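Q: Turn this into a model:
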Amino acid sequence: MKFFSNRPKSDFVENDNWQKLYILTEHWKSDLLFYKDDLKFLRHLEDKYFLWIEAQTDLENIRKVGESILKDTRDCDDLLERVDKHLVHLSVLMSTKDNDNQKEFRTEHMELEEAIFQFIENMRGNRRQLFKVIEFDVETAKL
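A: All right, here's what the predicted structure looks like:
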């Protein structure tokens, strides 16, 4: 997985301490908040562009991309909620000596990381698609 520039070595989740996992999770939250703002911008761009579209096929293309961006927005909100719950869970683990849930937590951590990775891949693809639709329509209008 390549989306986190500060992603640690592959056995990090299984072997490292709670504080480092907490810091990593805080980075996830920061990244998701950035993507939430990015999605807000993309929705605004789509809304503004929608007013200028003339061709029916372009309307359909922008509608499809808009639906994908709206889904990404809901997914981002869900992931932010999951990350917040995860941080609370991690805080509890850090404050107790009993680590009976350690394996369960680490599995949860890896699943959350994978969900965030998938979200970012989807979101980037939808952003590219929106720009492609707008670029195509702008180039066609010039002709």
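Q: Give me the below-cutoff pLDDT ranges for this structure.
A: Per-residue confidence of the chain (counting by pLDDT under 70) places the weak regions at 1-16, 52, 54-57, 97-99, 137-143.
Q: can you map out the helices along this protein?
A: In chain order, the chain shows helices spanning 12-15, 18-50, 56-95, 102-142, with DSSP state H as the criterion.
Q: Tell me how many other residues surround residue 38.
A: Counted with other C-beta atoms under 10 Å, the burial measure for residue 38 works out to 16 neighbours. Every residue, glycine included, has its C-beta placed from N, CA and C.
Q: what about it, distance to residue 44?
A: Here the criterion is C-beta to C-beta, to the nearest Å. By it, residue 38 lies 11 Å from residue 44.
Q: Show the contacting residues for residue 39.
A: The neighbours of residue 39, taking C-beta atoms under 8 Å, 6 or more residues apart in numbering as the test, are 69, 72-73, 76, 123.
Q: Mind checking which of those residues are buried?
A: Buried subset of these (neighbour count, 16 or more other C-beta atoms under 10 Å): 69, 72-73, 76, 123.
Q: got TSV for these, with distance to residue 91 too?
A: What follows is those, written out as TSV (distance: C-beta to C-beta, whole Å):
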residue	distance to residue 91
69	33
72	28
73	27
76	23
123	28
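Q: Those residues: which two are farthest apart?
A: 69 and 76 (10.3 Å; C-beta to C-beta).
Q: Residue 53 touches residue 62, doesn't it?
A: Yes. At 6.1 Å, residue 53 and residue 62 qualify as touching, with contact defined as C-beta atoms under 8 Å.
Q: what's the overlap in contacts for those two?
A: When C-beta under 8 Å, 6+ apart defines a contact, no residue borders residue 53 and residue 62 alike.
Q: what sits against residue 134?
A: With contacts defined as C-beta under 8 Å, 6+ apart, the neighbours of residue 134 are 45, 49, 62.
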